[in-house]
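S.K.: Have a look; sequence and predicted model below, questions after that.
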Amino acid sequence: MQLMIYINLESPLILPVNYNHILQAVIYQGIGKASDFGNFMHEEGYYLGQRQYKMFQFSQLSGKYSIKNNQIVFRNQVSFEVRSLDPVFLRLLGESFWRYGITFGSQKYGDIQMELYDYTVEENTERDEAVPETVEVIGVKFKKSGKTYYFDPEESLFYQSINGNFFRKYQAYYGVPPISDIQMNLCDNKVPRKIVTKYKGIYITGWLGNYKISGERKYLDFLYQTGLGAKNSQGFGMFSIL
């Protein structure tokens, strides 16, 4: 399911350019007011071995903005989207926003509209997938140097990593692994745009572009709700369908 949030700004919203952690905090603060369920989503989530998955994702903020001194300023209205497999999560989040408003640091806003949708992927066949947010954030730490390397779409390991992440997330949520892979490649060999951003001081590399993805309908829908690649609950991997 998908929750769209529209915020009318009584005063300008001023954020650092790399604001993913702040928007993530907005969501955790909202769901945190739901007591035990909030604690589960924030502290626990779904496990497979030592790996933890929260099974929700969110978009970047959308609206007219200006950038100055490494800050982004929204002055009129901003919107963002949250997706999750769990309708209870989105319902409780929406109710919290209605009741308590939304706070970005010390800036609180109460003029909010929301829309709840239940869009699903309904086809098994290949489709063009537009990926408007950073898609791939999987890193491999080299044992000798300790550095993190991010695969790019020209490497086969990029797609293998996305598929492996899908398998682990699916099994963590449902308790059984999927029975077939997903396939993903660039549309028309168009080179995606490299994006480097910071999350709590850590640099993350992703690739913005149009991709073609195919597989079983239920697997494509699972990815539509939870996101492609890693770090979905940190604001990476949300895609829309062309």
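M.R.: Yep, it's here.

S.K.: so where do the helices sit in this structure?
M.R.: 20-32, 36-39, 87-100, 156-174, 217-226 (DSSP state H).

S.K.: If you tally nearby residues, what's the number for Asn76?
M.R.: 12 (other Cβ atoms under 10 Å). Yep, even glycine has a C-beta here, placed from its N, CA and C like the rest.

S.K.: For this protein, name the helix or strand with the lowest mean pLDDT.
M.R.: Using mean pLDDT, DSSP states H and E, the weakest-scoring helix or strand in the chain turns out to be strand 127-131, at a mean of 45.

S.K.: between the helices of the chain, which one is nearest to Asp181?
M.R.: Distance to Asp181, taken as Cβ to Cβ, is lowest for helix 156-174 among the helices of the chain, at 5.4 Å.

S.K.: which strand of this protein spans the most residues?
M.R.: Assignment by DSSP state E gives strand 202-214 as the longest strand of the chain.

S.K.: pull the CA atoms of that one into CSV?
M.R.: Taking Å, rounded to 0.1, in the frame of the first residue of the first chain, the C-alpha atoms of strand 202-214 are listed here in CSV:
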residue,chain,number,x,y,z
ILE,A,202,28.3,7.9,5.5
TYR,A,203,28.6,8.3,1.8
ILE,A,204,26.3,6.2,-0.3
THR,A,205,26.4,5.7,-4.1
GLY,A,206,23.3,5.0,-6.2
TRP,A,207,22.3,5.1,-9.9
LEU,A,208,19.2,7.0,-11.2
GLY,A,209,17.8,5.7,-14.4
ASN,A,210,15.2,3.6,-16.3
TYR,A,211,15.4,-0.1,-15.9
LYS,A,212,13.5,-3.1,-17.2
ILE,A,213,12.5,-5.7,-14.7
SER,A,214,10.7,-9.0,-15.1
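
S.K.: just checking, what packs against that strand?
M.R.: Applying 3 or more Cβ pairs under 8 Å, 6 or more residues apart in numbering; DSSP states H and E, one finds that strand 202-214 contacts strand 127-131, strand 148-150, strand 183-186, strand 193-199, helix 217-226.

S.K.: do that again at 7 Å, thanks
M.R.: strand 127-131, strand 183-186, strand 193-199 (3 or more Cβ pairs under 7 Å, 6 or more residues apart in numbering; DSSP states H and E).

S.K.: in its sheet, what does it sit against?
M.R.: Sheet pairing for strand 202-214, assigned by DSSP bridges, gives strand 127-131 (antiparallel), strand 183-186 (antiparallel), strand 193-199 (antiparallel).
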